[in-house]
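Participant: Can you look at this prediction? I've put the sequence above it.
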Number of protein chains: 2
Amino acid sequence: MSTVVASPVLEIAQRAKAASRQLSTLPTAAKNEALEAIASALETNADSILAANAADVRDAEPLVRTGGMSQSLFQRLLLSTEKLRVMVEGVRAVSQLPDPSGRTLERTLLADGLTLEKVSVPLGVLAVIFEARPDAITQISALAIKSGNAVILKGGHEVENTMRAILDTMQTALARHSRVPADSVTGVYGRESVQALLDMNHLIDLVIPRGSNALVQHIQRNTLIPVLGHADGVCHIFIDRAADPEMVNRIVVDSKTQYPAVCNAVETVLIHAEVAAAILPSLVRALEEKSVKIRGCERTRSFLPGVAIDLVQDTEWHTEYSDLVLAIRIVNSLDDALAHIDQYGSHHTDAIITQDTSTAARFLAEVDSASVLHNCSTRFSDGFRYGFGAEVGISTSKLHARGPVGLDGLVTYKYRLAGSGQIVRDYTGANALPFHHQRLKLD
Amino acid sequence: MSTVVASPVLEIAQRAKAASRQLSTLPTAAKNEALEAIASALETNADSILAANAADVRDAEPLVRTGGMSQSLFQRLLLSTEKLRVMVEGVRAVSQLPDPSGRTLERTLLADGLTLEKVSVPLGVLAVIFEARPDAITQISALAIKSGNAVILKGGHEVENTMRAILDTMQTALARHSRVPADSVTGVYGRESVQALLDMNHLIDLVIPRGSNALVQHIQRNTLIPVLGHADGVCHIFIDRAADPEMVNRIVVDSKTQYPAVCNAVETVLIHAEVAAAILPSLVRALEEKSVKIRGCERTRSFLPGVAIDLVQDTEWHTEYSDLVLAIRIVNSLDDALAHIDQYGSHHTDAIITQDTSTAARFLAEVDSASVLHNCSTRFSDGFRYGFGAEVGISTSKLHARGPVGLDGLVTYKYRLAGSGQIVRDYTGANALPFHHQRLKLD
């Protein structure tokens, strides 16, 4: 790319904005046709996409050998015929989901001949900044199109060849076989394009980072554009004194080991002191059988004489291990558990195990997290398990969308007021005409 | 205040956070009792509040004489028995509004014995930064309490005595006659406390600025906390070629003159070239009768030979006059009008006057503003006129609350998942238990 060009990212963003305007007025059928066109084209172009991915993989292999790329990142980068088939299936699945935009949410008769409607509309332009996952490209593009948004993708350099091949395929499919403008799905490349995107708060409506905590935090601190996502996922389980012992090991082991690298895995277990002696030995045994390394507070260690348990440092309670490591702390009361979660948690997902319904009610009410769970695994906190059909991400922000976010998180609303010449002067003062504010039925 | 204290603002914010936690679990009746206690106490303490206001007024008078304070700011600062009565009435009116928090928004059976609820909850702690209006103190405090949020107020120094008297009254009323903690409504003083508040993104959940564009922009650029509000209100009316001439003068005059200082007053009128000759002379006469100064584009002037019209500078289309000044531009088409609004508007409120329903439909769909209006005055874009009962502010952000924002803008939601020992492992793999994702009825 020529260095003479002032800002190719700006031009791409402007084209995306223009595309988003067209896209926002298209009917659901046109958007579903576009998704089908993309799915078919991905099938047709499978060989060239896999070849492009092979080039990325060739570049990555020496890095993996020298430790410059983690094995897990490499596995996520790697595409196969089967993985591509699942991606295509994912695009078709999005076309089956209800269209979140264009819905009349409320209708109110304000005054004679003056009707207010609140209607859902797309946000506009999304910027998605991710790392090495090829499946993120098709998934987020499908979600964007379905919700009526244009999307600008910025993938890690490891996935650049794969991304170019997939984007080419999608754009050609849109241009040839759909009413959705090809510029609805575009990509930018190179490290410096990230800050360029983050600076375009007049063109981009939402940034969705998908990657490490460091990436998310960097983005949150360097843009005026709203960011949908979460940095940390420091999730807790509080084992109350009225916990059913049968549940404890099952729920804690599942929450830690079912997929330790994800944000809704548990990082810290808080145990009520009254049941610590009864619960700890068996729980620690169950965790160690699953190769979980325990890090305990002083009191945890005192309940486990003869068991080698590393001492948790006080600064460590903030840590998202994302690995087979679990911190355990003994607390004296529900209040102490609430205080710990408030101080060290990330307002993502926290669970209580108890048979005492009033203790559960207090925990669910007072823990200020996007998802609060009672007697089940933290791993349920997820858009697919919640029944959203698709997950855009999990938000720990309280504004707009919170918790697991589906297609609904990609729309906003506008107010449409239809009159027949009404002016405000007639509705003020001594002989003011009346407001009705009558809620009307939706169709 | 002693300068030895490290950060009184931090301490106040921590106490507000603690209060918000208690407040968030109180039933609606307890919050309404607190509002009644505040209303009664404001009545009882009317004399001391008016005396405090008289002190602020005494300090302000020399400023008004020397031009250091505008007459309109001075008028807003000035309290009277009647104004105080209206403020008390406003507090009681909020107690009549429905409680936006604690509502079950959705209930879904995820799997056997595993039920997900989406419930509305207060945001937590609000920081409200305003200028000289005493009525803002009681209004925003009432809205905060009703929605279950603690609020930290920062008023301009002009209103400091009044604010201390009102806050004392409210806090004493809460402490003596309600279950709402007195720290739910607190205040900070001094210019440096603004940035201290803006830095507390771990304690404060939403900042609501009420004041000049400059204040709002400064706040938006200097905090990681979400900001609810709008900087500019550059509102447009497009007079289409199919406009009913009967409506034009009425709607434009009302939109400009009914209250020119507010954000939903019109700033620019766009006129379709085909009807400019027919419409302009009469429109300009009607506006000039109301003392509106016209600023026109070259073509506007050419349609009005012999009328002295100032030429609009190109940079001026972004201007919010907030005064009896109106810019007029001739455009060749709906598309040109849409492009102008997109380039120069502030996504706040824009209106079209036309009898052509398909032109209206395109305008309402394609103008990306919080409120889009057809054949009525821009001044209708307002929380009270929209029937929200109270207005927290008008938001031009697309995330969370958009447009006029009522009590609903002060709550978020959380997901509550109640199980009986479920773990994710049982719902994956070959013999996976089924998810039902069955939407349940709300009570």
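Facilitator: Structure received. Residues are numbered from 1 along each chain as shown, chains lettered A, B, ... in the order given.

Participant: Tell me who's in contact with the closest residue to chain B within the stretch 251-400 of chain A.
Facilitator: Using CB to the nearest CB, the single residue of the stretch 251-400 of chain A nearest to chain B is A:Cys376, 3.0 Å away. (Glycine included, C-beta is placed from N, CA and C.) Counting by CB atoms under 8 Å, 6 or more residues apart in numbering or on different chains, A:Cys376 touches A:251, A:351, B:114, B:417-423.

Participant: tell me the pLDDT at A:Leu84?
Facilitator: A:Leu84 carries a pLDDT score of 95 in this model.

Participant: Spell out which residues of the stretch 1-150 of chain A are next to chain B.
Facilitator: By CB under 8 Å from any CB of the partner chain, the residues of the stretch 1-150 of chain A that approach chain B are A:21, A:24-25, A:108, A:110, A:114, A:116, A:123-124.

Participant: Among the contacts of A:Cys376, name the buried ones.
Facilitator: Among the contacts of A:Cys376, those classed as buried by 16 or more other CB atoms under 10 Å in any protein chain shown are A:251, A:351, B:114, B:417-419, B:421-423.

Participant: ok, what's across the strand from the residue of the stretch 251-400 of chain A closest to chain B?
Facilitator: B:Gln422 (DSSP bridges).

Participant: ok, now how distant is it from A:Asn264?
Facilitator: For A:Cys376, the distance to A:Asn264 (CB to CB, to the nearest Å) stands at 12 Å.

Participant: cool, and A:Asp183?
Facilitator: A:Asp183 is 35 Å from A:Asn264, by CB to CB.

Participant: Neighbour count for those two, which is higher?
Facilitator: A count of neighbours by other CB atoms under 10 Å in any protein chain shown puts A:Asn264 above the other of A:Asp183 and A:Asn264, at 24 against 21.

Participant: Can you tell me the SS state at the more buried one?
Facilitator: coil (DSSP: H, G, I helix; E, B strand; the rest coil).

Participant: What sits closest to it if chain neighbours are left out?
Facilitator: Once flanking residues are discounted, A:Asn264 sits nearest to A:Ser381: 4.4 Å by CB to CB, 6 or more residues apart in numbering or on different chains.

Participant: need the contact list for the one you found.
Facilitator: Contacts for A:Ser381 (CB under 8 Å, 6+ apart) come out as A:235, A:264, A:348-349, A:370-371, A:373, A:394, A:403-404, B:415, B:417.

Participant: Check A:Asp356 too.
Facilitator: If you count contacts by CB under 8 Å, 6+ apart, then A:Asp356 has A:240, A:242 around it.

Participant: three-state assignment of A:Lys118?
Facilitator: strand.

Participant: Check what pLDDT it gets.
Facilitator: Per-residue pLDDT puts A:Lys118 at 94.

Participant: top helix in chain A by residue count?
Facilitator: If you go by DSSP state H, chain A has its longest helix at helix A:46-65.

Participant: which regions of the stretch 1-150 of chain A sit below the pLDDT cut-off?
Facilitator: Counting by pLDDT under 70, the stretch 1-150 of chain A shows low-confidence ranges at A:1-6.

Participant: residue ranges for the helices of it, please.
Facilitator: A:8-23, A:28-44, A:46-65, A:71-77, A:81-96, A:134-147 (DSSP state H, counting those that start in this stretch).

Participant: Quick one: residues in contact with the second one.
Facilitator: Spelled out, it's helix A:28-44. For helix A:28-44, contacts defined as CB under 8 Å, 6+ apart pick out A:23, A:49, A:84, A:87-88, A:91-92, A:94-95, A:99, A:102, A:138, A:141-142, A:145-146, A:148, A:166, A:169-170, A:172-174, A:176-180.

Participant: number of nearby residues for A:Leu311?
Facilitator: 11.

Participant: returning to what we had before: looking at the residue nearest to A:Asn264 now. What's its pLDDT?
Facilitator: 94.

Participant: Roughly how far does it sit from A:Val253?
Facilitator: A:Ser381 is 17 Å from A:Val253, where distance means CB to CB.

Participant: what sits up against stretch A:419-429?
Facilitator: Against stretch A:419-429 from outside (CB under 8 Å, 6+ apart): A:111, A:113-114, A:432-435, B:244, B:246-247, B:250-251, B:253-255, B:258, B:373-377, B:379-380, B:385.

Participant: Let's have the helices of the stretch 1-150 of chain A in JSON lines, adding mean neighbour count and distance to B:Ala308.
Facilitator: JSON lines is the format used below for the helices of the stretch 1-150 of chain A (neighbours: other CB atoms under 10 Å in any protein chain shown; distance: least, CB to CB, whole Å):
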{"stretch": "helix A:8-23", "mean neighbour count": "20", "distance to B:Ala308": "39"}
{"stretch": "helix A:28-44", "mean neighbour count": "19", "distance to B:Ala308": "51"}
{"stretch": "helix A:46-65", "mean neighbour count": "16", "distance to B:Ala308": "66"}
{"stretch": "helix A:71-77", "mean neighbour count": "15", "distance to B:Ala308": "69"}
{"stretch": "helix A:81-96", "mean neighbour count": "16", "distance to B:Ala308": "60"}
{"stretch": "helix A:134-147", "mean neighbour count": "25", "distance to B:Ala308": "51"}
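
Participant: end-to-end on stretch A:328-347?
Facilitator: End-to-end distance for stretch A:328-347, by CA to CA, to the nearest Å: 19 Å.
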